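S.K.: please find the sequence and the predicted model below.
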Protein chains: 2
Amino acid sequence: MQLYSFFNSSTSYRVRIALALKGLAVDYHGVNIRIGEHRADDYVQGINPSASVPALVDGDFRLGQSLAIIDYLDQLQPAPRLIPQEPQARARVLELSHAIACDMHPVNNLRVLKYLQDVLGASAAQKSAWYAHWIAEGFAAVERLLEQHGHGPWCFGEAPTLADVCLVPQVANALRMGCELSAYRRVMAVYVHADAHPAFIAAQPTRQTDFQA
Amino acid sequence: MQLYSFFNSSTSYRVRIALALKGLAVDYHGVNIRIGEHRADDYVQGINPSASVPALVDGDFRLGQSLAIIDYLDQLQPAPRLIPQEPQARARVLELSHAIACDMHPVNNLRVLKYLQDVLGASAAQKSAWYAHWIAEGFAAVERLLEQHGHGPWCFGEAPTLADVCLVPQVANALRMGCELSAYRRVMAVYVHADAHPAFIAAQPTRQTDFQA
C-alpha cells in the first residue's frame, strides 16, 4: 500500500498511527501542502479527488479522508480493532472521534488560517486567538465526554481506539501552537499515556521522511 | 427514542433523514441554537456534553455527533443500511460523507460565522464570501468524487446511503445562502433526485415543529 501524507498534517498523523498500531507497512509519499502539492493536477486526478492529504492507495483502490481510510484499514486488518463492534461502545468511540475530527480540526487547519490572513487580513495575534478559541471550546467538550463516558488509561479503557488516534494529533498540534492545555486533565492524561506507545511514537511528525524543521 | 434537534441545523437534518429512511419514530425536542439553548447547563450535563445538536437519547444511552448517531441507528435497525458492509463500497460512502462533514460543514456553521462577525468584525459581504469560498471548494471536491466513483441516481447507485444523507442538507444550506451551484452538475442531480424522496421531504427544516420563518 502507498500512503500520501504530509508530516505536519493532523489527519495524516491519524492514519500513520492506525497503520503502525496494525503493523501495516506502506510506501510513504510526502505531499507538501505548504507549497500546494495536494492541488496539483496529477495528484487530484490520479490520487485524491478531495485535493487533500492523506490518501491511501491499495492496488487500484484509491481512498481519501482519514476516518474513511482508518475504517477501511479496520475492515482489512481487524487486529487490533480501532472501532469497536458492540453498538454502544462503537457509538462512544465515534462520538469522541467526530468531536475532534468535525468540531475541532477543520476550523483550525492550514487553509482556514491562510484565508484568515490572506483574504480577511487577520493579524498573527488574531490568528492565534482564533486557533486558541476553537481549541478551548473543543477540548472542553472532549474533556466533558471523557468525564461522563471515558475510563483510562486510553479514552475508553485498556486499549487504543479511533478516539485516541484522533486525540493525540490534535493535542500535539495545539501544543505546537503554544496552547495552554493543563485544564483538560483527562485529555492530557490520555495524551501522555498514548504518546509513549511505540505506534504513536513511530507516527510522530518529526519521524517522517518528509519532516522539515 | 428522543431527538434533540434544531430545524435549521444541517447535522440535525442528517439525523432526521436517517430516522425517516429507517421508519424510526422519535419524540422531537427543538433546541434553539440561535439563543444558545445548546449551551445551557441542563442540556450539556444531561443530554449532550458536546454542547451541540443533534443528540439522540435511547433509554439511558445519550449520544451526540450526527455521524455517530447515524452509525448507531444503522446498527440498531440495519434496514435500509446507510453504510454498506463491503469494505470498498463502505469506504467510498464514508469518503464522500467526510468530504462534506469534515471539509465543508464545520467551517461554515453558525458559531464560526458568528466569530467572524463578532470578534473579527467581518462585514456581511465578507461573511458571504467566506461561506461561498468553502462551498465552492468543497462541492468541487464532491463533484470530482462523484465523477470518479459515483453512479446515480443516488451518490452511489440505486439506493440512498450516508453520502446522500450528508449531501442534501449541505446543498439545501448553500441554496438558502444564495450560492450558485449549477456548475456542480452531479451534486445537483443527486440533490434533485434525493430531495423528492418522502424521507428526505419529511426531514426538511420547514416541516419540523420548531421551524421559524
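M.R.: That came in fine, so what should we check first? Numbering: from 1, shown residues only, chains lettered A, B, ... in the order given.

S.K.: what's the longest helix belonging to chain A packed up against?
M.R.: Residue-count comparison of every helix in chain A, with assignments taken from DSSP state H, identifies helix A:124-149 as the longest. Using 3 or more CB pairs under 8 Å, 6 or more residues apart in numbering or on different chains; DSSP states H and E as the contact criterion, the elements in contact with helix A:124-149 are helix A:87-101, helix A:110-118, helix A:162-176, helix A:185-194. Every C-beta, even on glycine, is put in place using the N, C-alpha and C of the backbone.

S.K.: mind putting those in a markdown table, distance to residue B:165 included?
M.R.: Converted to a markdown table, those look like this (distance: least, CB to CB, whole Å):
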| stretch | distance to residue B:165 |
| --- | --- |
| helix A:87-101 | 15 |
| helix A:110-118 | 25 |
| helix A:162-176 | 21 |
| helix A:185-194 | 30 |
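
S.K.: residue A:101 against residue A:68, yeah?
M.R.: No. In this structure residue A:101 lies outside contact range of residue A:68 using CB atoms under 8 Å: 10.9 Å.

S.K.: mind checking which of these two has more residues around it?
M.R.: Neighbours of residue A:101 and residue A:68, each counted by other CB atoms under 10 Å in any protein chain shown, are more numerous for residue A:101; the result is 27 against 23.

S.K.: what sits against that one?
M.R.: Contacts for residue A:101 were tallied using CB atoms under 8 Å, 6 or more residues apart in numbering or on different chains; they are A:11, A:66-67, A:166, B:98, B:102.

S.K.: neighbour-wise, which one of the residues you listed leads?
M.R.: residue A:66 (31 neighbours).

S.K.: contacts only, for the residue lying closest to that one once chain neighbours are set aside.
M.R.: Of all residues beyond its chain neighbours, the one nearest residue A:66 is residue A:11 (4.0 Å), with distances taken as CB to CB, 6 or more residues apart in numbering or on different chains. Contacts of residue A:11 were listed using CB under 8 Å, 6+ apart, and they are A:52-54, A:66, A:101, A:105, A:169.

S.K.: among these, name the ones in helices.
M.R.: Those of the contacts of residue A:11 mapping onto helices are A:66, A:101, A:169, per DSSP H.

S.K.: neighbours around the last one, how many?
M.R.: If I follow you right, that is residue A:169. The number of residues packed around residue A:169, counting by other CB under 10 Å, is 26.

S.K.: you'd agree it is up against residue A:15?
M.R.: No. With contact taken as CB under 8 Å, residue A:169 and residue A:15 are classed as non-touching, separated by 9.9 Å.

S.K.: wouldn't residue A:54 be in contact with residue A:70 here?
M.R.: No. The pair formed by residue A:54 and residue A:70 falls short of the contact definition of CB under 8 Å, at 9.8 Å.

S.K.: shared neighbours of those two, which are they?
M.R.: Shared contacts of residue A:54 and residue A:70, defined by CB under 8 Å, 6+ apart, are found at A:14-15.

S.K.: quick check: neighbours shared by residue A:101 and residue A:68?
M.R.: What both residue A:101 and residue A:68 touch, as defined by CB under 8 Å, 6+ apart, is the set residue B:98.

S.K.: look at the nearest residue to residue A:112 once chain neighbours are set aside and report its pLDDT.
M.R.: Beyond its immediate neighbours in the sequence, the residue positioned closest to residue A:112 (CB to CB, 6+ apart) is residue B:107, lying 6.0 Å away. Looking at residue B:107, its pLDDT is 97.

S.K.: ditto for residue A:91
M.R.: Per-residue pLDDT puts residue A:91 at 98.

S.K.: next, count neighbours for it.
M.R.: 26.

S.K.: so it is in contact with residue B:64, correct?
M.R.: No. Under the contact definition of CB under 8 Å, residue A:91 does not touch residue B:64, with a separation of 9.6 Å.

S.K.: how many residues are close by residue A:207?
M.R.: For residue A:207, the neighbour count with other CB under 10 Å is 11.

S.K.: now do the contacts for the nearest residue to residue A:146 once chain neighbours are set aside.
M.R.: On the basis of CB to CB, 6+ apart, the spatially nearest residue to residue A:146 that is not a chain neighbour turns out to be residue A:186, at 4.0 Å. Applying CB under 8 Å, 6+ apart, we find residue A:186 in contact with A:143, A:146-147, A:150, A:152.

S.K.: of the residues you listed, which is the most crowded?
M.R.: Counting by other CB under 10 Å, residue A:146 has the largest number of neighbours within the contacts of residue A:186, with 24 neighbours.
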